[in-house]
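J.: Fold the following, please.
(chains A and B)
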Amino acid sequence: MSDKSHTPDESWADKKIFTTGEAARVCKVSQQTIIRCFDAGRLAGFRVPGSKFRRIPREELIRFMHDNSIPTDLLEGQTRRVLVVDDDPQVLELLVEILSSDGRFVVQTASTGYDAGIMTESFRPHLMILDFLLPDINGNLVCQRLRSNPQYKNTRVICISGVVDEQQVKSLIEAGADHFLKKPFNIRQLTQIMTQLLELPDNNHDA
Amino acid sequence: MMRSTETCNTSVDNDRTRQIQLILSQINELPTLSPIATRLMEIGSDDEANLSEITALIQSDPALTSKILGLCKRAERGLGNRITTVDQAVKMIGLKAVQAAVLSVSVYELLNQTNTKQVPGEYQPGGDESDRTFDRVGFWMFSIAVASCAQLISQQMPSPAPAPDEAFVAGLLHDLGRQALDFVLPRTYPRIIELAESARLSGAQAEQRVLGLDHHEAGKQLAEHWQLPTALRDVMWLHGQPMDALPENENRTLIGIVTLAIGVCRTIHLGFSGDCCAQDETKPIAKSLGLKQGALGRILHQLPDIVAEKCNSLGIEGTTSPGVLMNALSSANRKLGRLTLELNKKPALVRTQPTDHVSLLEKTLSTIEQFTELSNATDSPVRVMGLAGSCLCDLLGKQRHIGLWFDREQSRWEAHVLCVDGQLKDSAFLGPMPLESMDQIELTSRLLAPTGWVQSTEPMAVINLFGDETEPLMLLIRLGDDAWDALPDQLRDTLVKVWAHAGHVSLRRSSDRRLTDQLAASNRRIMEVQDELARAQSLARLGMMASGAAHEMNNPLTVISGYAQLLVDRITTEPEAQAVSAIVDAACDLTDLITSLHLLAEPPTPNPQETTARQIVETAINMARSRTCLPIDAQFSPNDDADDAVVCDRELAARSLCELITNAQDATDNKIVQIQAQTDHGNDRLEFVVQDSGSGMNEHTLEHAFDPFFSDKPAGRQTGLGLSRALRLAQQLGGEILLYSVPDVGTKAVLLLPVMPAQSQNRAA
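T.: Here you go, the predicted structure:
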């Protein structure tokens, strides 16, 4: 499914500033199109001081791609960053094992709501697996904060909880969670949901 | 000055109070029981080591020994004459019986001694009064008769009954209060007896009138002074009260026995009871004590022999069995003679129509007799008035009678048209009526005006059956003639007095009964609320526990289940893979259990939507199939209306029904479960019936069927949460579940769910 000439490129995944040529390749359009959009103001950026070279910051490029429904998978690379938030170290360990053995995910963990906030800033996860009951703040608050920042509006959230309470589930969905799973969960079901939410091709080793 | 004025106002009351205190303090100065008796009462009855001490104590008093042996002789059937030593007596008939015997003998001797000693000093016997003094031999005879009778009654009673010996002592001592009063007031007490006889009062009523306290209170005081057991104290204090009046007293059965024994002995005139207005109330008491029919007859038959024997043992002379009967006969004759004497005096009071007065008097007397025969203490006010009315019809000629009585609890008047036979013809509730400044005639006319029963020209006699003139509570109205007013005053008074007594009793009873009913009703309600509260509390606790458990247990379960799932994919060898799969399933089962508990404590909020009975049943069957490994073999026979649209939470309804289906399937050993469903539009509810032909449930199982974790199957086979979950879900929808079960035939569960009619009335036919 993926284009062979654009294998996951670490430099793109970490790149902060793009040239119009790079942007054209990421977006799979011609450089002229990027330049036209830049000049028309539809793609915000800056010129290098003392020259005419156009430069596009990563956030602006992503916004532009989203606005025009251009898949960002090239830019992000094929691996998806997943942040797992749970106060139980064993559950964290289990999830890390499950997700890393899958091969499509880069996993980081946090055990409090506060850690989750910090990690979100630095790790910019595509998806967060969030336990509802955390030592400091509850999952629905983490969810709310995440959604209040437009930068993370595309970050997917799967909530997991041992206590299944209608009110909790409702408050989580209202706070912006994409899915709810009850503990203990079926691993296959979890990875399926993740695949759907991240719009990944269904190519893991189980398929 | 101020002080003395105040004292003046209440001096009458004060005199009374002082008199009562004086009497009570004199009772407290009575000699105490013999040291032997006191020590015996203290000795614990279950201590074997004390037997020798008791034997020694009794043997130290030869007179006591012989009397004890005499009393014990035939206490137990079949022992015959074998008891010849105290040691034997104690061993064979038990310590309790010996204690009872010693107590009886001691009390009897003490009071008789002290009385014979005291009387010559204090009391100057007047020759003409000698037949009116306190008949001591008669008193003891009566006491022994009551004691023997009480003993017989307790033998006849269904267990648990008080021990016969205990009943004997209670009967013997029940009227000690009289002895005490006679002892303290040797000159006054005969006058009280005189009053009781002339005014036809009970002993207690006469005592109250003269002394301000009666022998019941005196008996209580004496019992406390002598430190008698509380059971005896209660009998001395409360005997004669109806058992219903003593629901709280732990000794009520004993009191009832003694009261019944008193009634029996009075009716056969054994001894001297001191009461002169005896009423036969034996049957209701016998019934409430649980005596079989005919038991009283047997007791009456045995009584004279036993009384004679006991009298001999206690040293009352000349009492053989025939002697006892002769005494009874002569006492009955004495009573009859006194009545005749009074009757002979009565005609002098009737001065009008000297030729007719004898026949009128006779007729009145027979009317009274008839009334007393027909009435009893449990009559309602209406029946009392009916009886009085029919008496008047017999005496004065048939006329219409109306009964009026004031129901205090409801604060309203009730009016009844009474037939000749005492039955009701018509009734009306008349509401309250202010009584101030209104005479009986005016009150009656006003009360009856709305009924239209009385014409204004009709002659009317108003007879006040109860209450005073300013506040009548029970009125009998005779319409149509003036015959009542033409009766001599004395006869009218006599009739009214007879009726008034019955009326008083009936009014008291009607309010008592209502209070008892109310009490019972509120007791029931309190118990219901307590049950509800207990259930709610245990559910709340369960809820807290379940959420705690869900949190604490689901994390480890996640880890167990998670790694097991990972292992399943990695293990290639078959038996190991199966083992790991089993771990995954077990973890899943545990999670389900925790979830169910949580559901039980905090069921989900219903989310009503449009659905049909058929949809609910089908969802439930699918749920049951997907949830259990059992093959669900359900046969669904829907009614015609099963497709009618209603509004109800389908999910919750189906979950409740699913539990019933699973439960039924579990009980049948894989036979077919029958399911019916119908839509009851009239009551806006759905009715589901789940029927199995399985093992059924016995009463115990049925009673606990809805308890969480209750199961009649061996522990561990199933969680036993199914039915409680079903009920919880049904209750959450405002519905209920009814269980009908016959062991070995099967169980029928009916789920009733209230629904709302669907907005779109597209009912499929």
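J.: Rounded mean pLDDT for stretch B:209-221, please.
T.: Averaging pLDDT along stretch B:209-221 yields 81.
J.: Would you map the helices across chain A?
T.: Using DSSP state H, the helices of chain A run over A:10-14, A:20-27, A:31-40, A:58-67, A:73-76, A:89-102, A:113-123, A:139-148, A:166-175, A:187-197.
J.: what's A:Leu75 in contact with, if anything?
T.: A:Leu75 sits next to A:12-13, A:26, A:61-62, A:65 when contact means C-beta atoms under 8 Å, 6 or more residues apart in numbering or on different chains. C-beta coordinates here come from the backbone N, C-alpha and C atoms, glycine included.
J.: of all those residues, which two lie farthest apart?
T.: Between any two of the contacts of A:Leu75, the greatest separation by C-beta to C-beta is 14.2 Å, found for A:Ala13 and A:Met65.
J.: In a markdown table, list the helices of chain A along with distance to B:Asp744.
T.: Converted to a markdown table, the helices of chain A look like this (distance: least, C-beta to C-beta, whole Å):
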| stretch | distance to B:Asp744 |
| --- | --- |
| helix A:10-14 | 74 |
| helix A:20-27 | 78 |
| helix A:31-40 | 84 |
| helix A:58-67 | 71 |
| helix A:73-76 | 68 |
| helix A:89-102 | 50 |
| helix A:113-123 | 60 |
| helix A:139-148 | 53 |
| helix A:166-175 | 42 |
| helix A:187-197 | 45 |
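J.: For B:Ile402, give the beta-bridge partners.
T.: With DSSP bridges applied, B:Ile402 shows beta-bridge pairing to B:Val417, B:Ile477.
J.: how about it, what does it touch?
T.: B:415-418, B:448, B:453-454, B:476-477, B:479.
J.: ok, and the most crowded of the contacts of A:Leu75?
T.: Of all those, A:Val26 has the most neighbours under the rule other C-beta atoms under 10 Å in any protein chain shown, reaching 26 neighbours.
J.: What's the separation between the closest residue to that one other than its chain neighbours and A:Thr33?
T.: Closest residue in space to A:Val26, ignoring its immediate chain neighbours: A:Leu75 at 5.0 Å, by C-beta to C-beta, 6 or more residues apart in numbering or on different chains. Distance, A:Leu75 to A:Thr33, using C-beta to C-beta, to the nearest Å: 16 Å.
J.: again with B:Ile368
T.: Remark: distance between B:Ile368 and A:Thr33 (C-beta to C-beta) = 126 Å.
J.: likewise A:Asp178?
T.: Distance from A:Asp178 to A:Thr33, by C-beta to C-beta: 32 Å.
J.: what does B:Leu430 give?
T.: B:Leu430 sits at a distance of 102 Å from A:Thr33 (criterion: C-beta to C-beta).
J.: which of the two has more neighbours?
T.: It is B:Leu430, of B:Leu430 and A:Thr33, that has more neighbours when counted by other C-beta under 10 Å, with 17 against 14.
J.: so where does that one fall, helix or strand?
T.: Applying DSSP states H and E as the criterion places B:Leu430 in strand B:424-431.
J.: And the very next helix or strand once past that strand, what's buried?
T.: Downstream of strand B:424-431, the next assigned helix or strand under DSSP H and E is helix B:440-448. Within helix B:440-448, the residues that qualify as buried are B:440, B:443-444, B:447-448, counting by 16 or more other C-beta atoms under 10 Å in any protein chain shown.
J.: Quick check: which helices or strands does helix B:440-448 pack against?
T.: Applying 3 or more C-beta pairs under 8 Å, 6 or more residues apart in numbering or on different chains; DSSP states H and E, we find helix B:440-448 packed against strand B:401-407, strand B:412-418, strand B:460-467, strand B:472-479.
J.: Next SSE downstream of the helix or strand harbouring B:Ala223?
T.: Using DSSP H and E, B:Ala223 maps to helix B:215-225. Counting by DSSP H and E, the next helix or strand C-terminal to helix B:215-225 is helix B:230-238.
J.: Which residue of the chain lies farthest from its centroid?
T.: Using chain A here. Going by C-alpha atoms, centre = their mean, the residue of chain A most distant from its centre is A:Gly50, 36.0 Å out.
J.: try chain B instead
T.: In chain B, by C-alpha atoms, centre = their mean, B:Thr572 is the one farthest from centre (76.7 Å).
J.: Any figure for the gap between it and chain A?
T.: Distance of B:Thr572 to chain A, computed by C-beta to the nearest C-beta, to the nearest Å: 15 Å.
J.: helix/strand/coil for that residue?
T.: coil (DSSP: H, G, I helix; E, B strand; the rest coil).
J.: In chain A, what residue lies closest to chain B?
T.: Here chain A gets closest to chain B at one residue, A:Gly162, 2.9 Å apart by C-beta to the nearest C-beta.
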